[in-house]
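[1] this is a predicted model, with the sequence first.
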Amino acid sequence: MTSTISPAQLDHTAERLRKAFNTGRTRPLAWRREQLKGLRSMLIEREEDFLAALATDLGKPRLEAWVTEIGFTINEINLTLKNLKRWTKPKRVSTPMFIKPGSGRVIREPLGTVLVIAPWNYPLQLALAPLIGALAAGNTVALKPSEISSATSNTIARLVPQYVDAEAVSIVEGGVSETQNLLQQKWDYIFYTGNGAVGRQVMAAAAQHLTPVTLELGGKSPAIIDKSANLEVAGRRLAWGKFLNSGQTCIAPDYALVDKSVKDELVKYIQASITDFYGSDPSTSPDYARIINDRHFGRLTALIDSGSVLIGGQHDGSTRFIAPTVLDGISGDSAVMQEEIFGPILPLITVDSSDEAIAFINERDKPLALYVFAQDDKVIDRVLDQTSSGGVCVNGVILQVAAPNLPFGGVGESGMGNYHGRASFDIFTHAKPVLRRGTRPDPALAYPPYTKKKEKMIRRFS
Ligand code: NAD
């Protein structure tokens with residue numbers, strides 16, 4: 001059975017899913033667990049289908065694709081299955097004297113019918129991770145994968161309905177017009193991952209129905225390299241996080257603010273790491289991904305001219321290969337600093353101190369991620385205290401997203417709302433407070449007519 005939507009059905013997607021929600025089928029814990037187990041079986045049994053699709057879309061190396069898209073998602077499912085019973089349990093809260101007899105509890109109820117819109121850069125993980133939260137919470141879901149990663153979108157549309165309740169989950173394939181159509185419909189929640197310009201449109205459309213949103217956006221995530229840093233580790237981790245998926249990672253270190261006294265040594269270690277990872281000619285490495293399409297390839301190759309090339313710079317349009325590239329001579333005004341890079345180009349901006357780096361960051365939009373490499377705890381504390389970002393990783397990059405008990409999300413221009421693990425369950429549920437009152441005793445004290453004596457008592461017990 002397939003739940004892929006035909007154009008004629010598209011207009012009624014939310015309505016159809018709401019009908020399914022209203023049958024109550026998605027509420028039992030057993031149903032929710034079944035869906036999560038179905039998704040897990042799909043990822044295990046159809047691993048090769050997904051790896052092939054990810055290779056077609058982005059030239060994703062097998063291991064990288066498995067770790068960041070499949071393994072990541074299986075871990076998220078396992079964590080959710082392990083904790084779901086506890087998360088769904090009503091939470092008792094104490095009630096004050098004047099409400100007694102009575103007991104209070106918070107019930108986590110599903111929101112209803114939700115829309116998930118996913119981007120192309122981690123096209124499987126970023127479609128399924130919100131889906132896991134939405135199903136764990138007992139919702140019906142429309143999922144719109146990105147048309148730009150079309151092979152993965154097709155595979156999701158083909159396989160997901162075979163492994164989950166196809167009445168409760170609809171995969172809608174398509175681009176701008178299909179997404180705009182979905183956005184006109186009334187949802188109980190919209191979860192969007194992608195760029196901020198579309199994020200604004202999503203929020204405006206959601207406002208028409210007072211629908212709450214999570215916006216997982218991007219931006220320029222800085223890495224501060226303090227003079228106290230372990231430069232060998234910093235060089236290696238920066239190179240790994242920047243060139244993973246050819247830089248097409250929302251939390252990739254976008255640019256580095258490097259203390260000028262350590263820049264040359266850092267560059268040496270970045271260069272050594274690139275060679276260790278991808279050999280002397282990265283175009284022949286099976287472990288290096290490609291740029292998603294010609295538009296992004298053209299945009300990125302133009303950015304290489306923003307500064308002087310210290311490392312890399314080679315590119316090949318026929319395979320959409322861009323070598324791991326490091327640029328020098330960059331300032332805040334350079335072209336490469338005007339937009340999120342989203343590709344394998346690392347501009348270095350030299351600073352005299354970490355305080356100068358902090359000031360540079362604070363003059364700009366709040367980033368999704370912030371990285372600080374330092375061994376001096378005072379520097380680390382100053383960075384944490386004086387900057388704002390969606391998340392932080394100290395002496396590392398990227399891996400803050402992989403710790404399932406750390407909520408993940410942006411702040412300001414980098415988005416709103418967190419997810420992963422418990423946070424995913426929370427955003428897709430309403431915390432419904434319920435007060436249950438006892439019927440005896442029911443003292444006259446609480447009701448009019450108000451007397452002096454009652455007032456005295458009420459003031460005492462309130
Ligand atoms: P994209 O072009 O695939 O767009 C995302 C989704 O929005 C797609 O499903 C697409 O069909 C839809 N869409 C595009 N234009 C639309 C429009 N005009 N109206 C309605 N829907 C539209 O992906 P993208 O935006 O290029 O993704 C890259 C951006 O996403 C980067 O800024 C990146 O940093 C950010 N990102 C953020 C996260 C995160 O978790 N915070 C993760 C990945 C990517």
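    Sure thing, it's come through.

[2] tell me the confidence at residue 457?
    Reading off the per-residue confidence, residue 457 sits at a pLDDT of 86.

[3] tell me which element it falls in.
    Per DSSP states H and E: residue 457 is located in helix 452-461.

[4] so how far is residue 72 from the residue of the chain at minimum distance from the ligand?
    Proximity to the ligand, evaluated over the chain using C-beta to the nearest ligand atom, is greatest for residue 218 at 2.0 Å. For every residue, glycine as well, the C-beta is placed using N, CA and C. Distance, residue 218 to residue 72, by C-beta to C-beta, to the nearest Å: 18 Å.

[5] out of these two, which sits in the busier spot?
    residue 218 (28 against 19; other C-beta atoms under 10 Å).

[6] need the contact list for the more buried one.
    Counting by C-beta atoms under 8 Å, 6 or more residues apart in numbering, residue 218 touches 194, 195, 196, 250, 340, 342, 368, 414.

[7] so how far is residue 408 from the last one?
    According to C-beta to C-beta, residue 414 and residue 408 sit 11 Å apart.

[8] quick one: common contacting residues for these two?
    The contact sets of residue 414 and residue 408 overlap at residue 390 (C-beta under 8 Å, 6+ apart).

[9] show me which positions of the host helix or strand of residue 177 end up buried.
    With the criterion set as DSSP H and E, the secondary-structure element containing residue 177 is helix 176-184. Within helix 176-184, the residues that count as buried by 16 or more other C-beta atoms under 10 Å are 178, 179, 181, 182, 183.

[10] what do you get for stretch 8-28?
    Within stretch 8-28, the residues that qualify as buried are 10, 13, 14, 16, 17, 18, 20, 21, 26, counting by 16+ other C-beta under 10 Å.

[11] who in the stretch 251-400 of the chain is up against the ligand?
    Residues of the stretch 251-400 of the chain lying near the ligand by C-beta under 6 Å from any ligand atom: 340, 342, 368.

[12] swap that for the stretch 1-150 of the chain, please
    117, 118, 119, 120, 121, 126, 144, 146, 147, 148.

[13] most neighbours, which of the residues you listed?
    Using other C-beta under 10 Å as the neighbour test, these are led by residue 118, with 28 neighbours.

[14] which element is the closest residue in space to it that isn't next to it in sequence on?
    Sequence neighbours aside, residue 127 is the residue nearest to residue 118 in space, at 3.9 Å (criterion: C-beta to C-beta, 6 or more residues apart in numbering). Taking DSSP H and E as the criterion, the element that holds residue 127 is helix 125-136.

[15] so after that helix, what's the next helix or strand?
    Going down the chain from helix 125-136, the next helix or strand is strand 140-144, by DSSP H and E.

[16] can you give the contact residues for that next one?
    Contacts of strand 140-144 from elsewhere in the structure, counted by C-beta under 8 Å, 6+ apart, are 13-14, 17-18, 20-21, 26, 112-118, 127, 131, 134-135, 156, 160, 167-174, 178-179, 182, 187.

[17] what comes up buried for whichever helix or strand comes after that strand?
    Helices and strands here follow DSSP H and E; after strand 140-144, the next one along the chain is helix 150-163. Applying a neighbour-count criterion of 16+ other C-beta under 10 Å, one finds 150-161, 163 buried in helix 150-163.

[18] can you give me the pLDDT of residue 231?
    98.

[19] quick one: residues contacting it.
    Residues in contact with residue 231, defined by C-beta under 8 Å, 6+ apart, are 225, 262, 265, 266, 269.

[20] rerun that using 6 Å as the cut-off
    By C-beta atoms under 6 Å, 6 or more residues apart in numbering, the contact list for residue 231 reads 262, 265, 266, 269.

[21] for the second one, give me the pLDDT.
    As predicted, residue 265 sits at a pLDDT of 98.

[22] then the host helix or strand of it to PDB, C-alphas only?
    Per DSSP H and E: residue 265 is located in helix 263-278. Once non-C-alpha atoms are left out, helix 263-278 reads as follows in PDB (Å, rounded to 0.1, in the frame of the first residue of the first chain):
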ATOM      1  CA  LYS A 263      47.400  30.800  12.200                       C
ATOM      2  CA  ASP A 264      50.400  29.300  10.300                       C
ATOM      3  CA  GLU A 265      50.600  26.300  12.600                       C
ATOM      4  CA  LEU A 266      46.800  25.700  12.300                       C
ATOM      5  CA  VAL A 267      46.900  25.800   8.500                       C
ATOM      6  CA  LYS A 268      49.800  23.300   8.600                       C
ATOM      7  CA  TYR A 269      47.600  20.900  10.600                       C
ATOM      8  CA  ILE A 270      44.500  21.500   8.400                       C
ATOM      9  CA  GLN A 271      46.600  20.700   5.400                       C
ATOM     10  CA  ALA A 272      48.000  17.500   6.900                       C
ATOM     11  CA  SER A 273      44.500  16.400   7.900                       C
ATOM     12  CA  ILE A 274      43.100  16.900   4.500                       C
ATOM     13  CA  THR A 275      45.900  14.800   3.000                       C
ATOM     14  CA  ASP A 276      45.400  12.100   5.700                       C
ATOM     15  CA  PHE A 277      41.600  12.000   5.100                       C
ATOM     16  CA  TYR A 278      41.400  12.300   1.300                       C
END
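
[23] which helix or strand lies directly C-terminal to that helix?
    Beyond helix 263-278 on the C-terminal side, the first helix or strand identified by DSSP H and E is helix 294-303.

[24] flag every buried residue along that following helix.
    Of the residues in helix 294-303, those buried by neighbour count under the rule 16+ other C-beta under 10 Å are 296, 297, 300, 301, 303.

[25] also stretch 67-75?
    In terms of neighbour count (16+ other C-beta under 10 Å), stretch 67-75 has its buried residues at 68, 69, 70, 71, 72, 73, 74.

[26] for the nearest residue to residue 143 once chain neighbours are set aside, helix, strand, or coil?
    Spatially, and ignoring its direct neighbours in sequence, residue 143 is nearest to residue 116 (4.7 Å; C-beta to C-beta, 6+ apart). On the three-state scheme (DSSP: H, G, I helix; E, B strand; the rest coil), residue 116 is labelled strand.

[27] so what's residue 116 bridging to?
    Here residue 116 shows beta-bridge partners residue 143, residue 191, assigned using DSSP bridges.

[28] what's near enough to touch it?
    Residues counted as contacts of residue 116 (C-beta under 6 Å, 6+ apart) are 130, 131, 143, 191.

[29] the last one and residue 214 touch, don't they?
    Yes: using C-beta atoms under 6 Å, residue 191 makes contact with residue 214 at a distance of 4.7 Å.
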